[in-house]
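K.L.:
predicted model and sequence below, questions to follow.
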Amino acid sequence: MWLNPEEVLLKNALKLWVTERSNDFFLLQRRRGHGEASSGITGLLVGALDSVLDSNARVTPFRILLQFPGSQISWVIASGAAIEEVNKHWDWLVHNLLQSLSVFESKEDVASFVKGKVKGLIAEEVRSRQAAQEDDPEKFREALLKFELHFGLPSSEKLVTYFSCCCWKGRVPRQGFLFLSINHMAFYSFLLGKEVKFVIPWVEVTRLERVSAGLMTEAIRVHTRHRQRDFSMFLNLDEAFRVIGQLADIALRRLLDSEGLELDHVLQQPACITKRILEEQALREFVLALFLLPRSEKLYEVASCSVWTPHARRHTPGFLYTTDSYLCFSSREVESCILLIPLLEVLFIEKAESTSVLPNPVIVSIRTKKAFQLIELQDRDELVENLNTRLRSLQWKQSVTISYCYWMYHRLFILYQRLRELLRPFIIEPVCLCQSLECEKEQLWENHFSEFGRGVHMFRTEKIRRLVAMGIPESLRGELWMNLSAASSVMESHQGYYTTMVQKSMGHSSLATEEIERDLHRSLPDHPAFQNPTGIAALRRVLTAYAHRNPKIGYCQSMNILASVLLLYAKEEEAFWLLVAVCERMLPDYFNRRVIGAQVDQSVFEELIRERLPELAENVHDLSTLSSVSLSWFLTLFLSVLPFDSAVCVVDCFFFHGIKAIFQLGLAVLEANAAQLSASVFFGFCGSCQKFGDLTVRQIERLRCRHRIQVLQSHEDTTKENTLRLIAPDVSISPENLADIYNLFKSAAWHHGDLTRSFVERQYRLDRPQFKSLYGLLVPWPSGSEHHTDTLGNRTFTLLDQDHDNLVSFREFAVWLDTLYCGELNEKIRLLYRLHIPPALTESEEDPSLMKSPLLSTNRPLFLNLPPGWSRDYQEQLKQMLHDLAKEKEKNVEKPLPLMNQREFIQFCKTLYSLFQSNPEENDLFQAIATVTSLVLQIGEAEHRGRGSAAEDADDQTSTTDSEWRVSFAQILASLLTEQALVSFFEKPPSLQSKIREAREKQYQQRAALLTLQQGGS
C-alpha cells in the first residue's frame, strides 16, 4: 500500500534490508531474512529487533524508497506483505513517474513532487475503497471544502467527484487535484510555492481524447475553443476518462439537446447527480443497447447468477438485469449467451428449495409452459419480492388495457389479414437463394427452436448469430424481426394502440402528412407491392400513425423506405411497432430534426476507420468526406445502396446485433475492393463479422458518449456562425464583441430559462426574467436603485417584444444593444423617450407614486429659479432650433412618436438623473439636466395654456385630452442639445468590451443561483 512519505536513514537501515530492484530515484527492498530458504541467525535477529523496536511488532517485509544517488536520506513511500503487491506499485512508478522526474532541476523539486503525488494516491485509494462517497462523507466533505475555498463558485455548484492527477504545462507536470462538478471541471495545484488553478465550463469542452506523447504518460486531453489541457498520472485513468466524458455529455445534452434526455429524469435534475448516479446511468445505457430495450425502461436490480441452458446442459454464469418490463440475462462473456424474458410472458416467479448443488434457486415460469431456472442469487428473497410486485402491477395494467381496447383491436384485424394476403404474392424471392436452400434454412431454424426455444425469450448464442448471418427464411422473417427487436412484447402491452393512432391521424393535414404523401410512390417504386392502392394505403397508415405518435420526429426521409420493407414481411401493426423500435430504440436520435444520433455515429465511424483501417485513414486525409456516402448506409440500413436480397439480409443482422452490424458492414465495405463489392456484399458481411467481431456494444456506447460532445458543439458553432452572419450587417458592433454577446445571450437562455421550451426557443429567444437578468449585466449606464433597474428592464422588454409573444430574439437584443453602445445621440435619446411612453410605460406598472400622481399641477403657471444669464424668451430660441432640425431630412423616415404627458416626462427626468450617478462629471450633468427640465416644463406649460385658451373658445364637446400638458420628442431633443455636458455624455461611446468582460464574470454567480431556483420550483 502507499504510505505517507517518512524519512529514513539508509546508513543504519542497510543492515536490515536487502535491495531487490533499483533505479536513479527508487529502491525496492526486502526485509533481511524474509523469503530466504534458510534465514538462520540473521532472520532470528531481525525478527527480535522488529519485536523490540516496533510498537506493533510487525514490519511489512517489502517496501519502496524514494532516494537520490549519494544521499543517505530517503523516504518510504510504499510497503506490502507480498512481493506481488509491491511490484504492482513499482511498475506504476516506473511507467508513470520515472521519465517525468528527469525534467526537474533539483532534488528538492523531485522530492516535493513525488511526495505530493503519493499523498494524492493515498487519498485516491481511500476514496476508491469506499462503496460510495455518501457512505463515508468525511473525505468528500474535505474535498468539497477545498473546492469551495479555491474556486469561489456558488454554493449550489454541486461537486460530483475529484481525482488526484497532474496537469501539464509544456514539459512540466503540476501535481494537484481535478474537481468535477455539474457545470465545471476545475484544477488546483500548489507546488513549490506556486499556485495554479483554473476552471473549464463543460459547455466550453469541444472534444475529449486519450493521448500519449513524449515524457507524458497516457493522458486525458480536454479541448476547448481556445486551448487544450492535458491531465495524466491518474490512479485509474479509465474511470476518470469515463466520468469526464459523462459529465460533459450530460451538460451539453441538457443545454443543447434536452429532447434526448426527456426520459432520463434523474439527469434533468443536476443537483441529484452523483458519481453513483453516473455509474448507474452508464450501466443502464449499456443494458438498453445490449438488449435493445425501450429507452423508457428503468434499471432496478443487477445480480450475479447462473441460468440453466438446456442446449449446453449446464448452468451458464452471468448477470441478471431487471427493468420495468423485462428480465435480462447476459453471460459473463458478453454477447455469447443472451436471454430476454418480457414480464408479460411470465406467469409467476417463485423460490425453490436451496441445496448445495442448486444454491438459492428461482424458477421463472412463462405462458408457453416453459420455465427458466436461476441459481446463486444473492439477496434472493428481496429480489423475488420486488419482481413479483412489478409483475402484479404489470398484469393488472394489462388486464385493464385489454378490456378497454379489445374492440378497437378487432376492427382492423380482418383488414390486416386481407392486406397480408395481397402483399404475399409480391414478395420477391432473393435471386441468390434457390428454393431448396430456403427450405434447408427453414429446417435449420426449426431445429434451433426445438433446442434453444422460440419467441422473445429464446436463448441467443453464437449459433443463432450464424443462422442470422446466413439470412432469415422468408416465412420466418417477420416473426424473428419482432422477437429479436422485442417489438412483439411492446405490441402486446399496447393492444389497440395502433388502431387508435390510425383513427386519430387520418384526415389530419400537417407538414408531416404532406411529406408522406409526396414520398409514398417513391418507396420501393420497382416493387409490385407498392404499385397498387392497397400497399400504398397501408404504408400511408403506418407512417401517419407514427407521425401522430411522435410529433417531435414526425416524418423524415428514409422512413418510407424502411417502413416499406417492414410491410413486406410483417403485418401492418407489426410493421408499425418495428418502425417504433428502429426510430426510438435501435437508432436513437436518428430521425429528429437535427439527426444528432446519425451524426454522432458518423463521427464514431470515422474513429473506427482510423483504428481498424489505418492505411485508408492515411490515404484519405479528411475522413468527413466519407459521410456523404456512409450517412445513407446508417439512415436506410443499406436498403438504398444494396441489391434488395442483400439489403434485407443486412436488416436481419441489424435486428439481431443492433447498430453494431451497420458499423461492421461499413468497415467491411470500405476495406473490400471493387471486385469483392460487386460480387456479393451479403456473403462479405459474414466475413466482416469475423474480422470486426470484437467490436462490442459497450465500446460503441462509450464512443457515442464521447463523440456526441463534438457533434453538439459543431452544431452550436454552425448555428452561431449563421446567426452572426445574418445580424452583423445590421449593427455596428465589432464581430468579436458580437460573438461574445451571443455567448452571453445563449448562456442566459440556457441557465436561466425554462428547459421545457423547444431548442429553437431557448437558442434564439429570451423571456422576461432571462432578459432582465442580461439587461442588468450589459446596460451601459447605472440606473440608481435596483428597483428602477428592474423597472427599466421590464419596459425595455415590452418595447422590444413587438410581436407580443413574450420572447425577445437575439436580433432584437443585438439591435437594442447596438443603439446604446454605437448609436448616434438622437437614436439614444429616442430609445429613452420610447421607454417612457406607451406601450413600454403602462398604468399598471409597479412604480413610485410619481407615476400616477404628478407632483406638478397643470392648472397653474410654473415659477422656477433659472440660472443667471438666461433669456426669458425660450419660445423664440426653441422655434429657431426646431426650424433648423426640420430642414434635415433623414434617409429613413420614421413614424412620428406620440407626445409625452407630464407624468411620463417626470419619469423620463428621473431616469436621466439615475444615468449620471457615480460619473466624474456628475455635478455638471445634474446642473445641465436641471436646466433642460426647467426648459421643457416651460415649453409644455406655455403650450398647455395656449391649448386651454383655444379650448374655451371652441365648442363644449371638444375632448379634454387636447388640453393636457404634452411635449414632443423633437422639443426634448432640442432642449438636450443646448447643454454641451449632456451632448458629450451621450456622444461618448461606452466601453462594450469591458462591460462584456464584467458580465461574463457575474454570470457565473447568477447561473447556479437561478438554476437552484428553478429546481426548487420544479
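P.N.:
Happy to help now that I have it.
K.L.:
spell out the secondary structure type for the residue nearest to Val287 when sequence neighbours are not counted.
P.N.:
Leaving aside its chain neighbours, Val287 sits nearest to Tyr321 (5.0 Å; criterion: C-beta to C-beta, 6 or more residues apart in numbering). No exception for glycine: its C-beta is placed from N, CA and C like everyone else's. Under DSSP: H, G, I helix; E, B strand; the rest coil, the three-state class of Tyr321 is strand.
K.L.:
okay, and the beta partners of Tyr321?
P.N.:
On the basis of DSSP bridges, Tyr321 is bridged to Val302, Cys328.
K.L.:
go on, Arg765?
P.N.:
Following DSSP bridges, Arg765 is listed with bridge partners Ser809.
K.L.:
surely it and Asn806 touch.
P.N.:
No - the criterion here is C-beta atoms under 8 Å, and Arg765 misses it with Asn806 at 9.1 Å.
K.L.:
and those two? Which one has more around it.
P.N.:
More crowded of Arg765 and Asn806, by other C-beta atoms under 10 Å: Arg765, with 22 against 13.
K.L.:
hmm, Arg242 and Ala282 touching each other?
P.N.:
Yes - between Ala282 and Arg242 there is a contact under C-beta under 8 Å: 6.8 Å.
K.L.:
what's the overlap in contacts for those two?
P.N.:
Residues touching both Ala282 and Arg242 (C-beta atoms under 8 Å, 6 or more residues apart in numbering): none.
K.L.:
the stretch 451-600 of the chain: helices as residue ranges?
P.N.:
462-470, 474-484, 487-492, 497-505, 511-519, 533-549, 559-569, 572-581, 596-612 (DSSP state H, counting those that start in this stretch).
K.L.:
orientation of the fifth one relative to helix 533-549 in degrees?
P.N.:
In this case it means helix 511-519. Between the axes of helix 511-519 and helix 533-549, defined by axes from the mean of the first three to the mean of the last three C-alpha atoms, to 10 degrees, the angle is 160 degrees.
K.L.:
tell me which other helices or strands helix 511-519 touches.
P.N.:
Where contact means 3 or more C-beta pairs under 8 Å, 6 or more residues apart in numbering; DSSP states H and E, helix 511-519 is packed against helix 533-549.
K.L.:
what about Phe177, which SS state?
P.N.:
Under three-state DSSP, Phe177 falls in the strand class.
K.L.:
I'd assumed Ala303 was in contact with Ile375.
P.N.:
No - the pair Ile375 / Ala303 is not scored as a contact, 11.3 Å apart, by C-beta under 8 Å.
K.L.:
the two: which has the busier surroundings?
P.N.:
Ranked by neighbour count (other C-beta under 10 Å), Ile375 and Ala303 place Ile375 first, with 20 against 17.
K.L.:
mind listing what that one touches?
P.N.:
Neighbouring residues of Ile375 by C-beta under 8 Å, 6+ apart: Cys305, Ser306, Trp308, His315, Leu358, Pro359, Asn360, Pro361, Val362.
K.L.:
which of the residues you listed count as buried?
P.N.:
The neighbour-count criterion (16 or more other C-beta atoms under 10 Å) marks Cys305, Ser306, Trp308, His315, Leu358, Asn360, Pro361, Val362 among the contacts of Ile375 as buried.
K.L.:
and the furthest pair within those?
P.N.:
Longest distance between any two of those is 13.6 Å, between Trp308 and Asn360; criterion C-beta to C-beta.
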